[in-house]
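K.L.:
Provided below for reference: sequence and predicted model.
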Amino acid sequence: LYNTTNNHLHSVIFNHNIMSSQSFWDKAAPLIAVTEKHPFLVAMVDGTLDMDAFRYYVVQDALYLNDFADCLRRLSKSASVPEDAERLESFAKGAEEAEMALHNSFFQQWDISAEGVEQMPNCLLYTSYMKRIVATKCHAEGLAVLLPCFWVYMHVGKCMLKLRQELGHSVERPKQFDAWIDMYGGDEFEKEVKDYIAMCDVACQSADENTLQEMEKHFIMSCKLEHMFWDQAQHKTQWPDELDVLNIR
């Protein structure tokens, strides 16, 4: 497995009684080890993923990113350090511009958009959870609930890069799959992730024991929801037809 938890990710040395982002990652490691082998992600690399499932995923992810960027902006307003506020605003712009540029390029190729599309169950579960934590809990907890979206994506991107190299020219895959792997397995995204991890580490240093426990809980929950997001895409989950009694969709 590609190790994204090396010490170079952390520039701060912690007392043995102090938790850090690494502590959260280590606690969630068994779950992350399952996620990195998710059939949806493996199929992207070996080229067997159904393109309709990938289109479904990209649309849902675009909807997710809108809420993710909004959460980052909310955190920028609650940051006590001006530099953190500016960096969180830049993370929000990165989600809206760099990541959405990739999604929009796919939309143009497919002649579709996410306009008017509703969030499917697991997407709504994820966005609702992170928005609630950011809106009602402390700044440090808000940082923690968003951390898996950065870190897990980088981790699976690196795993997928490694598998792609191992497969070499033995398989063919759509260019959109390669573009996705290149972005999330790339150096530019890794730099952003490292910056966000460092910010979370600093928050851990001043957090009390209860806050640290809550941060860990939110991190693990978001790791679960990341996995469920890809489950949803693999199965192209829809709201049950029998619930559409109001004919409002």
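P.N.:
Arrived safely. Numbers count the residues shown, from 1 in each chain.

K.L.:
just the helices in the chain please.
P.N.:
For the chain, the helices defined by DSSP state H cover 21-35, 39-46, 51-78, 82-94, 100-110, 121-136, 139-167, 175-184, 187-206, 209-235.

K.L.:
for the residue nearest to the spatial centre of the chain, what are its contacts?
P.N.:
Nearest residue to the geometric centre of the chain (Cα atoms, centre = their mean): residue 149, 2.1 Å. Residues counted as contacts of residue 149 (Cβ atoms under 8 Å, 6 or more residues apart in numbering) are 68, 222, 226. Where you see a C-beta, it was placed from the backbone N, CA and C, and this is true even at glycine.

K.L.:
out of those, who's nearest residue 155?
P.N.:
The closest of those to residue 155 turns out to be residue 226 (Cβ to Cβ; 10.1 Å).

K.L.:
verify the stated contact: residue 40 with residue 233.
P.N.:
Yes: with contact defined as Cβ atoms under 8 Å, residue 40 and residue 233 form a contacting pair (5.7 Å).

K.L.:
who's more crowded, those two?
P.N.:
residue 233 (26 against 20; other Cβ atoms under 10 Å).

K.L.:
ok, and the closest non-adjacent residue to that one?
P.N.:
On the basis of Cβ to Cβ, 6 or more residues apart in numbering, the spatially nearest residue to residue 233 that is not a chain neighbour turns out to be residue 57, at 3.6 Å.

K.L.:
ok now do the one you found, which residues does it touch?
P.N.:
40, 230, 233.

K.L.:
quick check: the first one vs residue 210, distance?
P.N.:
In this case it means residue 40. 36 Å (Cβ to Cβ, to the nearest Å).

K.L.:
with that, I have no additional questions.
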